[in-house]
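Q: Predicted coordinates and the sequence they were generated for:
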Amino acid sequence: MPEQFDAIIIGAGQSGPFLAARLAEAGRTVALVEREHLGGTCVNDGCTPTKTLVASARAAWNARHAAEFGVVLKGPVTVDMAAVKARKDKVVAASVNSLTDWLGGLRSLRYFKGEGSFVSPTEVKVGKRVLTAPQIFINTGATASVPDWPGIKSVPHLTNTSMMSLDTLPSHLIIAGASYIGLEFAQMYARFGSKVTVIERGPLPASREDADISAAIRDILEVEGVTFMFETTVQAVAKAGHGVLLSLECGGRLASIEGSHLLVALGRKPNSAALNLAAAGLETDERGFIPVDDSLRTKVPGIWAMGDVNGRGAFTHTSYNEFEIVADHVLGNGKRSLAGRIPVYGLFIDPPLGRIGMSETEVRKSGRKALMGVMPMSRVGRAKERGETQGLMKVLVDAKTKQILGAAILGIGGDEVVQSLLQLMAAGTPYTTMMNTMHIHPTVTELLPTLLADLKPLV
Ligand SMILES: Cc1cc2nc3c(=O)[nH]c(=O)nc-3n(C[C@H](O)[C@H](O)[C@H](O)COP(=O)(O)OP(=O)(O)OC[C@H]3O[C@@H](n4cnc5c(N)ncnc54)[C@H](O)[C@@H]3O)c2cc1C
Ligand SMILES: NC(=O)c1ccc[n+]([C@@H]2O[C@H](COP(=O)([O-])OP(=O)(O)OC[C@H]3O[C@@H](n4cnc5c(N)ncnc54)[C@H](O)[C@@H]3O)[C@@H](O)[C@H]2O)c1
């Protein structure tokens, strides 16, 4: 006999546990099914550990640059990678433990450790048990894609998951892919003391960004010793001693490169294959994503999909936002929707990139009349005082409505500062509101009115 619940949640990523708790608090019986660790990618091998490692890398950078600030450290700066990993493990364990304690305290929630797969539109198998519920929520996330390069199966290579076990310093880390994962690890390991080479098929890093932002990102990392090979693809990989040898095609020429470690950071694939979706009457799109409507409903009544697995977002905040939308439909008045959600994200190199709304490229493509302001961070007093003047700020405004269309802030505090513009966008307020507000000195935000006062037509 199947075990009966009001709701089953498959996958404990960044929406499932929160939805499970909200439903349980509302008195519903909930089964939460997770095959690995509570908290999913973000907590275990994504945001939390990488940002903890970024903080250690920053400490190494501060120590190496202390003399520039008049601070004298005696002896060379060394990094204890085992201690760096131990600190990261502690922060991750604290997150997982607090999630486990919180969920464990909810009386009508039961946790099933194992892989969930559909038996029918209302039944899920976990090991030998079958669970049934009228509502099923999928939050199974995504996993690193590993390309089928000749030789890859027999050559040791790292992904964001196996990087988490590394407690020694690679002498030469080769990273394939110059996007979020590749760039964050590139700067981090350069700061720890590795030689780092990044291979990217495009002409610049972070290809979703405008070319001036991507070029500034490249400059920031190159100054720190990261080597980029652009317009380069991997043809084959082989073992070389204790390391790895990559055969490359680089701008039409053949080349090769040898390193001690290879990290593959070429995107992520949705975890949908193990779900046996056909038994539920569902299918994926050609990339493996589970299609949903703007309220996260799949085409089968009673089945919903949240987070990276639905292809509508690929961040922790998009997944969490989807929990809030689903909870509103299941328990509230059903007014919330994906429609009109403003894209926002950060790239946590140092200094970070904060991004909201449309890029300049997207605004140009849209054909609307727009205004744009650009300011180098070297004009920002706070950046000069901190000795970190790399990067730029860019904002795009609709010429007719005066509403902000998008912004990019690559510079100190960029990930936080850009969110003051986000609030204007969300409120639908003209950008002039910000120009009439007094801001704290000395901050990065205080320069936004100056940036907005100097908008030029986008031609
Ligand atoms: C290195 C790295 C750094 C990142 N940094 C950031 C960042 O700084 N900011 C940000 O916003 N985003 C970041 N992300 C992205 C972020 O981690 C994800 O977007 C986020 O975790 C949302 O994922 P999710 O809720 O869809 O599911 P996930 O967090 O991927 O969790 C899904 C869970 O489902 C489980 N599961 C899968 N299939 C089954 C099954 N059949 N049965 C049972 N359980 C199953 C998995 O074990 C996993 O625990 C990063 C990602 C990576 C890889
Ligand atoms: N700061 C953050 O919020 C953050 C941090 C890390 C990861 N993430 C999430 O993780 C997801 C995956 O990130 P990612 O960096 O792995 O992938 P991505 O899809 O963002 O980028 C992959 C990169 O690899 C390049 N590439 C692909 N195939 C190649 C090949 N054969 N040879 C050379 N280059 C190749 C692409 O041109 C691209 O630049 C992102 O979508 C993001 O949502 C977010």
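A: Received it, and whenever you're ready, just let me know what you need. Ligands and ions are numbered 1, 2, ... in the order given.
Q: wait, what's in contact with whatever residue of the stretch 301-450 of the chain ends up closest to ligand 1?
A: Across the stretch 301-450 of the chain, no residue is closer to ligand 1 than Gly307, which sits at 2.3 Å (C-beta to the nearest ligand atom). Using the backbone N, CA and C atoms, a C-beta is placed for each residue, glycine as well. By C-beta atoms under 8 Å, 6 or more residues apart in numbering, the contact set of Gly307 is 11, 13-16, 139-141, 313, 318-319, 322.
Q: What's the per-residue pLDDT of it here?
A: Looking at Gly307, its pLDDT reads 98.
Q: Roughly how far does it sit from Thr318?
A: 7 Å (C-beta to C-beta, to the nearest Å).
Q: With Ala178 instead?
A: Counting by C-beta to C-beta - Ala178 and Thr318 are separated by 22 Å.
Q: What residues of the longest helix belonging to the chain count as buried?
A: Ranked by number of residues, the top helix in the chain under DSSP state H is helix 81-104. Within helix 81-104, the residues scored as buried using 16 or more other C-beta atoms under 10 Å are 81, 84-85, 87-88, 92, 95, 99, 103.
Q: tell me what the helix or strand following that helix is packed against?
A: Sequence order places strand 109-113 as the next helix or strand after helix 81-104, per DSSP states H and E. Identification of packing neighbours for strand 109-113 by 3 or more C-beta pairs under 8 Å, 6 or more residues apart in numbering; DSSP states H and E yields helix 16-25, strand 30-34, helix 81-104.
Q: just to revisit the earlier point, which two among the buried residues of helix 81-104 are spaced furthest apart?
A: Maximum pairwise distance among the buried residues of helix 81-104 (C-beta to C-beta): 32.7 Å, between Met81 and Leu103.
Q: Please state the backbone phi and psi of Leu131?
A: Main-chain dihedrals, Leu131, degrees, to the nearest 10: phi -110, psi 150.
Q: Quick check: bridge partners of it?
A: Leu131 has the following beta-bridge partners by DSSP bridges: Glu3, Val124.
Q: Could you verify my assumption that it touches Ile8?
A: Yes: with contact defined as C-beta atoms under 8 Å, Leu131 and Ile8 form a contacting pair (5.4 Å).
Q: Who has more neighbours out of those two?
A: Of the pair Leu131 and Ile8, Ile8 is the one with more neighbours under other C-beta atoms under 10 Å, namely 28 against 22.
Q: just checking, that one touches Ile138?
A: No: using C-beta under 8 Å, Ile8 makes no contact with Ile138, being 9.5 Å away.
Q: quick one, what contacts Glu249?
A: By C-beta under 8 Å, 6+ apart, Glu249 lies in contact with 232-233, 235, 255.
Q: Filter those residues down to the buried ones and express that as a PyMOL selection.
A: Buried residues within the contacts of Glu249, by 16+ other C-beta under 10 Å, are selected in PyMOL with:
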select buried, resi 232
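Q: which ones among the contacts of Glu249 are found in helices?
A: The members of those all map outside helices under DSSP H.
Q: between the contacts of Glu249, which is nearest ligand 2?
A: Using C-beta to the nearest ligand atom, Thr233 comes nearest to ligand 2 of the contacts of Glu249, at 4.5 Å.
Q: what's the domain layout of this structure?
A: With domains defined by automatic domain parsing, the chain comprises 3-143+269-331, 152-266, 344-457.
Q: Which one of the ones you listed lies nearest to Leu338?
A: domain 3-143+269-331 (4.3 Å).
Q: what about the closest one, near ligand 2?
A: Yes: using C-beta under 6 Å from any ligand atom, domain 3-143+269-331 reaches ligand 2 at 314-315.
Q: So that it lines up with my notes, have the first residue be 820 from now on.
A: From this message on, residue numbering opens at 820, which makes the last subject domain 822-962+1088-1150.
Q: Now do the end-to-end distance for that domain.
A: 23 Å (C-alpha to C-alpha, to the nearest Å).
Q: Just read off the phi/psi values of the closest residue to ligand 1 within the stretch 870-1019 of the chain.
A: Nearest residue of the stretch 870-1019 of the chain to ligand 1 (C-beta to the nearest ligand atom) works out as Gly960 at 1.9 Å. The phi and psi values for Gly960, taken as degrees, to the nearest 10, are phi 70, psi -150.
Q: again with the one 10 residues further on
A: When read as degrees, to the nearest 10, the backbone of Gly970 gives phi 100, psi -20.
Q: How about Gly1206?
A: Torsion angles, degrees, to the nearest 10, at Gly1206: phi 70, psi 30.
Q: For it, give its distance to Gly889.
A: For Gly1206, the distance to Gly889 - C-beta to C-beta - is 11 Å.
Q: repeat for Leu977
A: 39 Å.
Q: Neighbour count: the two, which is higher?
A: For Leu977 and Gly889, the more surrounded residue by other C-beta under 10 Å is Leu977, and the numbers stand at 21 against 6.
Q: list the contacts for the closest residue to the more buried one other than its chain neighbours?
A: Distance criterion C-beta to C-beta, 6 or more residues apart in numbering; nearest residue to Leu977, sequence neighbours excluded, is Leu1082 at 4.5 Å. Residues near Leu1082 by C-beta under 8 Å, 6+ apart: 976-978, 982, 992-995, 1001, 1004.
Q: Filter those down to just the ones in helices.
A: Within the contacts of Leu1082, residues falling in helices by DSSP H are 1001, 1004.
Q: Sort out for me which of the contacts of Leu1082 are in strands.
A: 992-995 (DSSP state E).
Q: What is the neighbour count of Glu942?
A: The burial count for Glu942: 18, using other C-beta under 10 Å.
Q: Quick one: residues contacting Gly924.
A: Contacts for Gly924 (C-beta under 8 Å, 6+ apart) come out as none.
Q: go on, the one 3 residues further on?
A: Listed by C-beta under 8 Å, 6+ apart, the contact set of Ser927 reads 843, 846-849.
Q: Show me how to select, in ChimeraX, the buried members of these.
A: Those of the contacts of Ser927 that count as buried under 16+ other C-beta under 10 Å are selected in ChimeraX with:
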select :843,847,848,849
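Q: and of the contacts of Ser927, the nearest to ligand 1?
A: Distances from ligand 1 to the contacts of Ser927, taken as C-beta to the nearest ligand atom, are shortest for Val849 (14.4 Å).
Q: Beta-bridge partners for the closest one, please?
A: Beta-bridge partners recorded for Val849 (DSSP bridges): Ala826, Leu928.
Q: Please determine how far it is located from ligand 2.
A: 27 Å (C-beta to the nearest ligand atom, to the nearest Å).
Q: can you check Leu857 too?
A: Taken as C-beta to the nearest ligand atom, the span from Leu857 to ligand 2 is 20 Å.
Q: helix, strand or coil for that residue?
A: Of the three states, Leu857 takes coil under DSSP: H, G, I helix; E, B strand; the rest coil.
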